[in-house]
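[1] predicted structure and sequence below. I'll ask about it afterward.
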Amino acid sequence: MEETYLNVKALAKLLGTTERFPRRLVAERRIRYLKVGTHVRFPASAVEEFLATSTVEPIRPRRRMRRAA
């Protein structure tokens, strides 16, 4: 069971956000986490899963049809 775990500060740095955002993800149960006493840890696989499910793919723009004169 060799998985790396990130704390709140490390996850915030990885995501480029403040520490409040990962704490909000925990409060809203939007990411898997491990609670050890008062400490919260995020498995690396949970972070990858969260990023994969939160990624929004761009849509192809429609070709605009010009109106006939």
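    Here it is on my side, so go on.

[2] and the strand ranked longest in the chain, which residues are buried?
    Using DSSP state E, we find that the single longest strand of the chain is strand 39-43. By neighbour count on 16 or more other C-beta atoms under 10 Å, the buried set for strand 39-43 is 40-43. (Each C-beta comes from the backbone N, C-alpha and C, glycine too.)

[3] farthest pair in these?
    Farthest-apart pair in the buried residues of strand 39-43 is V40 and P43; separation 11.4 Å (C-beta to C-beta).

[4] anything in contact with each of the two?
    Residues touching both V40 and P43 (C-beta atoms under 8 Å, 6 or more residues apart in numbering): 33-34.

[5] how confident was the prediction at A69?
    Looking at A69, its pLDDT stands at 63.

[6] check M1 too.
    M1 is assigned a predicted lDDT (pLDDT) of 63.

[7] start the count at 10, not 1, going forward
    Noted, 10 is the first residue going forward, which turns the last one into M10.

[8] of all the buried residues of strand 48-52, which comes closest to R71?
    Distances from R71 to the buried residues of strand 48-52, taken by C-beta to C-beta, are shortest for F51, at 39.2 Å.

[9] once you drop chain neighbours, what's closest to the closest one?
    Among residues not flanking F51 along the chain, L15 sits closest, at 4.7 Å (C-beta to C-beta, 6 or more residues apart in numbering).

[10] what's the distance between that neighbour and Y42?
    10 Å (C-beta to C-beta, to the nearest Å).

[11] what touches both of those two?
    With C-beta under 8 Å, 6+ apart as the test, L15 and Y42 both reach 50-51.

[12] who's in contact with T62?
    Applying C-beta under 8 Å, 6+ apart, no residues contact T62.

[13] ugh, wrong one, Y14
    43, 50-53.

[14] mind redoing it with 10 Å?
    20, 42-43, 45, 48-53, 55-56 (C-beta atoms under 10 Å, 6 or more residues apart in numbering).

[15] S63 too?
    34, 39-40.
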